[in-house]
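J.: return atomic coordinates for the entry below.
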Amino acid sequence: MRESCGLRPRLVLALHVWALWVLAAAPVLNLLRHYPEFFIAHDAAAGQILGFVALLVAGLPLPWVLLACLLRAKAIAWILVLPPLAVVGLQIGMAAGLGAGSLFGAAALVLSAGWAYRRQESVRRYFSWLALVALVAPAGFLADPAIRRLWLPQPDPPNLGQAVTAGAPTIVVVLDELPVATLLDADGALDRRRFPNLAGLADQAHWFDNVVSVDSSTPKALSAILTGRRLAPGQLPQASDLPISLFRLLAPGYRVTALEPVTRICPPEINHLAEHDLGQPDLLADAAIVALHLIVPPPLSRRIPDIAALWGGFGEVASSAPTDGGEQGGFAGWEKIFHQAGRAARSNRLGQFETFLAAIDGRRRGALYFVHLLLPHRPWVYLPSGKIYIPRRYREPRVFQAKAWPDSAAYAAQAYQRHLLQAEYVDRLIGELLARLRLVGVFDDALIAITADHGISFVPGEMKRGVTAANRADVLQVPLLLKLPRQTQGAHHPERHSTLDLLPTLLEVLGLEVPNEVEGRSLFSPAADAVHPAPVQDALAYRAAIFGDLGQPSDLFDYGPYGNWIGRRLRDLDFAAEPDYRIDLLMPGWKFHYDGADRRIPAWVVGALESAGPPRRLGLAVAVDGTIAATTELDPADSTGRFRALLPESSLAAGIHELQIIVIDPQTGRAVLAAPR
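T.: Have a look, this model is predicted:
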């Protein structure tokens, strides 16, 4: 007969199970306590933060605790400690860098600890002490100075004591991850062909091309723009920590409409957009994806949405406008989970921007419109027309999550191509904004500022955002356009300035007093650094070495060592018979149909090459209907063994298309027509 488990042993087992599950949740709390911006980006109020902790401390263990209290069979009751032990084992293995080996480490921990728990009374007593240890992580999380300011009531900010008379409608746009070099042509001027809307605005605005951001971190850079001060150590980009801001300074006389997807500097009680559903990312869905990254080893983790590109809405990135890396299909269950998470966590950059545009009305005085647009920031998914080329069920390779580019130039060059294309789409959105201002009749009277929080570097071997001597201009030099009310003539300002200078400039133009606490100075004050030119020449030279002068749209597609193959007809080529190459084309397929009216365009080609020889660098050309339209490289350093190429939109008219892949030997220049696998 099965031995019955008494009430006291069941309660003790429930305590142990609870403690283990809380310990399993501790790494999530320990990670997120270092990123309070995660909660700011999710607009998490005190109740949500406390509820999040309560869910991890009580909600997650509750079903297992109840089961421990109800289970009377002593012989099998101890099995309830195995699931949380497995999670802890996976976390230890991942933290130790074991990768897939963490599965074996977790199994070893579960078997050994489970056996000891069942057999040894001393081990069970030790588990009782874990109940006290388990409280350390949630208590430390809530007591952390940065987190504490998010959930504890903060004192009311001081009264700024400045009377504000309604003035010119003011529009401030902050773009994200946009170096000034991206907007320039080969001569260092604002590129009119690629950015006609920005260039058109510059014709009747002040163009500052030597502006330095204070930081490569979005929360710090944006705080400097909106407050004219650097974010002090311990401060968060939220209204309670930053009482002096553009929003509060103008609020007494202006109707404030602010879209802040990352920061929370505008107090919600004065923000007209606070009453709109902006599709804020779901806190629990994103926290669950963060937790999966802590326990799921490769290669399974490749199916998990990337958390490096944005502060939230990770499931949306994976399900609707994803990233790169090359799997189509996969585990249907995982995909369904991420799709549902994406729907719940709509980090909808374009949807939010459209809501912002709709909120702009014909108020000729006393209106402040601010938008932080998370573009051309990663993920790179848009062509200049606005069509999305990245398909669903698709993730970036691991290198795109790293902080630095590998030494191989192939990755960085292709990422640079995608960034430049997406930046041209941003110009299209700026055109929509300017058209809206003209439609409601406020453009001429408006004070318009367009800038960026920081840039990004695409130099092989260098940090993408971390500032170094080699990438400083790419990461910190940002554009700034400023149109004054009734201004009709443009002016170029090559003097060095800081993003700290924007706030005092806006206040000066609007006739308001600049608080003493502001560090910046007006952009129109005498410039002490006028003799220092913008250090973008190296960035322009690097770009020119890859893409040429960008005088034609095709320059962004015929780059690289095999760019001269583009435009060749397959019927005119002399193919070698050997060696034998086979291609597993993952997307879009060897033959596919494209509806020209569809927002998504099957222009992203991903495949894997199989050959008899050892891995080596090879060139590849992608032919559409018999004509080569794009080239790329197979990098032997790519652990995924895949190649990726982007087709120009002009190569895909509406109808049925057929792809062919040509493998090019870099040593002999001979081409082999690869066969489908």
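J.: quick one: low-confidence parts of the stretch 551-677 of the chain?
T.: 612, 639 (pLDDT under 70).
J.: show me where it has its strands.
T.: 581-587, 591-594, 604-611, 618-624, 627-634, 642-646, 655-664, 671-673, 675-676 (DSSP state E, counting those that start in this stretch).
J.: three-state assignment of residue 370?
T.: Following DSSP: H, G, I helix; E, B strand; the rest coil, we place residue 370 in the strand state.
J.: the one 10 residues further on now?
T.: Per three-state DSSP, the local secondary structure of residue 380 is coil.
J.: my read: it touches residue 415, true?
T.: Yes - using CB atoms under 8 Å, residue 380 is in contact with residue 415, at 7.1 Å. (Each C-beta comes from the backbone N, C-alpha and C, glycine too.)
J.: related to what we said a few turns ago, among the strands of the stretch 551-677 of the chain, which is nearest residue 499?
T.: Of all those, the one in closest proximity to residue 499, counting by CB to CB, is strand 642-646 (32.1 Å).
J.: re earlier: need the strands of the stretch 551-677 of the chain in CSV with mean neighbour count and distance to residue 111, can you?
T.: CSV is the format used below for the strands of the stretch 551-677 of the chain (neighbours: other CB atoms under 10 Å; distance: least, CB to CB, whole Å):
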stretch, mean neighbour count, distance to residue 111
strand 581-587, 18, 38
strand 591-594, 13, 49
strand 604-611, 20, 37
strand 618-624, 22, 46
strand 627-634, 22, 42
strand 642-646, 23, 37
strand 655-664, 18, 47
strand 671-673, 19, 51
strand 675-676, 12, 45
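J.: take the ones you listed and lay them out in TSV including distance to residue 123.
T.: What follows is the strands of the stretch 551-677 of the chain, written out as TSV (distance: least, CB to CB, whole Å):
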stretch	distance to residue 123
strand 581-587	49
strand 591-594	59
strand 604-611	48
strand 618-624	56
strand 627-634	53
strand 642-646	47
strand 655-664	59
strand 671-673	63
strand 675-676	57
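J.: so where's the stretch 401-550 of the chain uncertain?
T.: 527-534.
J.: would you list every one of the helices in the stretch 151-300 of the chain?
T.: 196-202, 218-227, 246-250, 283-295 (DSSP state H, counting those that start in this stretch).
J.: Throw the ones you listed into CSV and include distance to residue 11 and mean neighbour count, thanks.
T.: Shown next, in CSV, are the helices of the stretch 151-300 of the chain (distance: least, CB to CB, whole Å; neighbours: other CB atoms under 10 Å):
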stretch, distance to residue 11, mean neighbour count
helix 196-202, 68, 20
helix 218-227, 46, 26
helix 246-250, 53, 24
helix 283-295, 28, 20
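J.: please tell me how far residue 151 sits from residue 237.
T.: Distance of residue 151 to residue 237, given as CB to CB, to the nearest Å: 16 Å.
J.: what's the longest helix in the chain?
T.: Ranked by number of residues, the top helix in the chain under DSSP state H is helix 409-439.
J.: compare residue 380 and residue 415 (neighbour count), which wins?
T.: Neighbours were counted for residue 380 and for residue 415 using other CB atoms under 10 Å; residue 380 has more, 27 against 20.
J.: for the more buried one, what are its contacts?
T.: Under the criterion of CB atoms under 8 Å, 6 or more residues apart in numbering, the neighbours of residue 380 are 390, 415, 418-419, 421-422.
J.: residue 474: what's it in contact with?
T.: 179, 181, 455-459, 539.
J.: ok so, going back, got the contact list for the helix or strand just after the longest helix of the chain?
T.: Counting by DSSP states H and E, the element after helix 409-439 in chain order, helix or strand, is strand 447-452. Residues outside strand 447-452 that contact it (CB under 8 Å, 6+ apart) are 168-180, 198, 201, 205, 211, 213, 225, 430, 437, 478-485, 499, 502, 506, 509-510.
J.: and those residues, which of them are in strands?
T.: Those of these mapping onto strands are 170-175, 211, 478-483, per DSSP state E.
J.: distance to residue 351 and neighbour count added to these, as CSV?
T.: Compiled in CSV, the ones in strands among the contacts of strand 447-452 are given as follows (distance: CB to CB, whole Å; neighbours: other CB atoms under 10 Å):
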residue, distance to residue 351, neighbour count
170, 24, 22
171, 20, 24
172, 20, 22
173, 17, 22
174, 18, 27
175, 17, 24
211, 29, 24
478, 25, 27
479, 25, 25
480, 27, 24
481, 25, 22
482, 28, 25
483, 27, 24
